[in-house]
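S.K.: I'd like to go over a predicted model; first the sequence, then the structure.
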Amino acid sequence: MKKILITGGAGFIGSHVVRRFVNTYPDIEIVNLDKLTYAGNLANLNDIEGQSNYRFVKADITDSEEINALFREENFDAVIHLAAESHVDRSITDPTAFVMTNVIGTVNLLNAAREFWKGDYDKKRFYHVSTDEVYGALGETGMFTETTAYDPHSPYSASKASSDHFVRAYHDTYGLDVVISNCSNNYGSHHFPEKLIPLAINNIKNNKPVPVYGKGENVRDWLWVEDHARAIDVIFHQAKTGETYNIGGHNEWKNIDLIMLLCKIMDEKLAREPGSSAKLITYVTDRAGHDLRYAIDSTKLQEKLDWVPSLQFEEGLAKTVDWYLENEEWLENVTSGQYKKYYEDQYTER
């Protein structure tokens, strides 16, 4: 392969994937496409912006003409598709935006691949990055596998489920070489602070209330974002066409237990009295349709493609805290303006 298009490459997970591919494959040109919405930030990639095999293109995947023109000009060998609206709370407020980006945008990319890869489907690859939320919710036991029936409960997860179905349909109907991965919650550096961990870090640092939905009983499986990027690399290069892989950390935490651990780490890092950060925890009105528990079974990925997570959660969380405390300017830049209004509207105390 000579040229790979990575969509959403200025976002949280996307920037880690772009960085990995640029640094690991110097002979492959990596084209990063991003609309640069609130969660897209080119400062996430300052360290590689001068690399000879990296290029950024500002574009909107919901604009089919723009996408078709890009495919016509660039002759991509593959697409790794991460561009998405991804925050459940925002999807409840504005579901149409999620349909446009996550469904229509994905179909536009598939249509471009179908049109401009004709005759070469076996030499090209379309990799679609999805989420474990498409599977719905679990009780106290059990795990999501690649054959778990879809049962999305939020506009976000419904839009991602729809995009997954379209990707598989283009494989079955037109013969496109596609692969899909469904991943659990990610954490790490460069994460926009509307999500739980960076939000809590930022608020604790500034002695502001740390909002926790309901009673904090919801359970999530957490994966270090660099392990996710490594999994995407392995799946992209080794997976058979049409395959789906679940990516998870085997690392389940109740939200309240995670926040308590984070408070403990922050007290240590900021030299505060033990227990002082925990006093900032504030319980807020629970999210509508809030799934109780997610858990990913990544046995297939581990056994078939020899991938395993590299970090224990406590170590990864400490690394994450260090990054945010060492990059205050980045955090201040992304928490200004519209984010402040969104935050005020979203998190109301019970």
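M.R.: Noted; the coordinates are in hand.

S.K.: Which parts of the stretch 101-250 of the chain are strands?
M.R.: Applying DSSP state E, counting those that start in this stretch to the stretch 101-250 of the chain gives strands spanning 125-131, 178-183, 185-187, 210-213, 219-224, 244-247.

S.K.: Now these in CSV, please, with extra columns for distance to residue 325.
M.R.: For the C-beta atoms, the positions are set from N, CA and C on the backbone; glycine is no exception. Output for the strands of the stretch 101-250 of the chain, formatted as CSV (distance: least, C-beta to C-beta, whole Å):
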stretch, distance to residue 325
strand 125-131, 28
strand 178-183, 26
strand 185-187, 15
strand 210-213, 16
strand 219-224, 18
strand 244-247, 28
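
S.K.: could those be laid out in CSV, adding mean pLDDT, distance to residue 315 and mean neighbour count?
M.R.: Listed next are the strands of the stretch 101-250 of the chain as CSV, based on pLDDT from 0 to 100; distance: least, C-beta to C-beta, whole Å; neighbours: other C-beta atoms under 10 Å:
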stretch, mean pLDDT, distance to residue 315, mean neighbour count
strand 125-131, 98, 24, 24
strand 178-183, 98, 20, 25
strand 185-187, 95, 12, 23
strand 210-213, 94, 22, 21
strand 219-224, 94, 9, 23
strand 244-247, 98, 19, 24
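
S.K.: Looking at these, which is nearest to residue 320?
M.R.: Closest approach to residue 320 among the strands of the stretch 101-250 of the chain (C-beta to C-beta): strand 185-187, 5.8 Å.

S.K.: chain center to the closest one: distance?
M.R.: Offset of strand 185-187 from its chain centre (C-alpha atoms, centre = their mean, to the nearest Å): 7 Å.

S.K.: ok, it: who's next to it in the sheet?
M.R.: Paired neighbours of strand 185-187 in the sheet (DSSP bridges): strand 219-224 (parallel).

S.K.: Provide the contact partners of the strand it pairs with at residue level.
M.R.: 132, 183-188, 247-255, 258, 292-296, 309-311, 313, 316 (C-beta atoms under 8 Å, 6 or more residues apart in numbering).

S.K.: Tell me which of the strands of the stretch 101-250 of the chain lies nearest to residue 288.
M.R.: Taking C-beta to C-beta, strand 210-213 is the member of those nearest to residue 288, at 10.4 Å.

S.K.: pull the CA atoms of the closest one into CSV?
M.R.: Extracted in CSV, the C-alpha atoms of strand 210-213 (Å, rounded to 0.1, in the frame of the first residue of the first chain):
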residue,chain,number,x,y,z
VAL,A,210,-17.0,16.2,39.6
PRO,A,211,-20.4,15.2,38.1
VAL,A,212,-21.4,11.5,38.4
TYR,A,213,-24.6,10.2,36.8
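
S.K.: chain center to that strand, what's the gap?
M.R.: Mean C-alpha position of strand 210-213 versus that of the full chain (C-alpha atoms, centre = their mean) differs by 21 Å.

S.K.: what does stretch 178-185 give?
M.R.: So, by C-alpha atoms, centre = their mean, the centroid of stretch 178-185 is 10 Å from its chain's centroid.

S.K.: same question, stretch 51-61
M.R.: On C-alpha atoms, centre = their mean, the centre of stretch 51-61 falls 19 Å from that of its chain.

S.K.: pLDDT on that stretch, on average?
M.R.: For stretch 51-61, mean pLDDT rounds to 96.

S.K.: what sits up against that stretch?
M.R.: Residues outside stretch 51-61 that contact it (C-beta under 8 Å, 6+ apart): 7, 9-10, 18, 22-23, 25-36, 42, 45, 48-49, 66-67, 70, 83, 101, 105-106, 108-109.

S.K.: at 7 Å instead, please
M.R.: Residues from elsewhere that reach stretch 51-61 (C-beta atoms under 7 Å, 6 or more residues apart in numbering): 7, 22, 26, 28-36, 42, 48, 66-67, 70, 83, 101, 105, 108-109.

S.K.: Buried by neighbour count, from those residues: which ones?
M.R.: For the contacts of stretch 51-61, a burial check counting by 16 or more other C-beta atoms under 10 Å picks out 7, 22, 29-35, 48, 66-67, 70, 83, 101, 105, 108-109.

S.K.: now residue 243, nearest residue through space, not along the chain?
M.R.: Nearest residue to residue 243 in three dimensions, chain neighbours excluded: residue 179, at 5.5 Å (C-beta to C-beta, 6 or more residues apart in numbering).

S.K.: In contact with that neighbour, which residues?
M.R.: Residue 179 makes contact with 127, 235, 239, 241, 243, according to C-beta under 7 Å, 6+ apart.

S.K.: Kindly recompute the last result at 6 Å.
M.R.: Each residue near residue 179 by C-beta atoms under 6 Å, 6 or more residues apart in numbering is listed here: 127, 235, 239, 243.

S.K.: and those, which of them are in helices?
M.R.: Mapping the contacts of residue 179 onto helices (DSSP state H) picks out residue 235.

S.K.: Buried members of the contacts of residue 179 into PyMOL, please.
M.R.: Per 16+ other C-beta under 10 Å, the buried members of those correspond to this PyMOL selection:
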select buried, resi 127+235+239+243
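
S.K.: Could you single out the nearest of the contacts of residue 179 to residue 274?
M.R.: Residue 274 lies nearest to residue 235 out of the contacts of residue 179, by C-beta to C-beta, at 42.0 Å.
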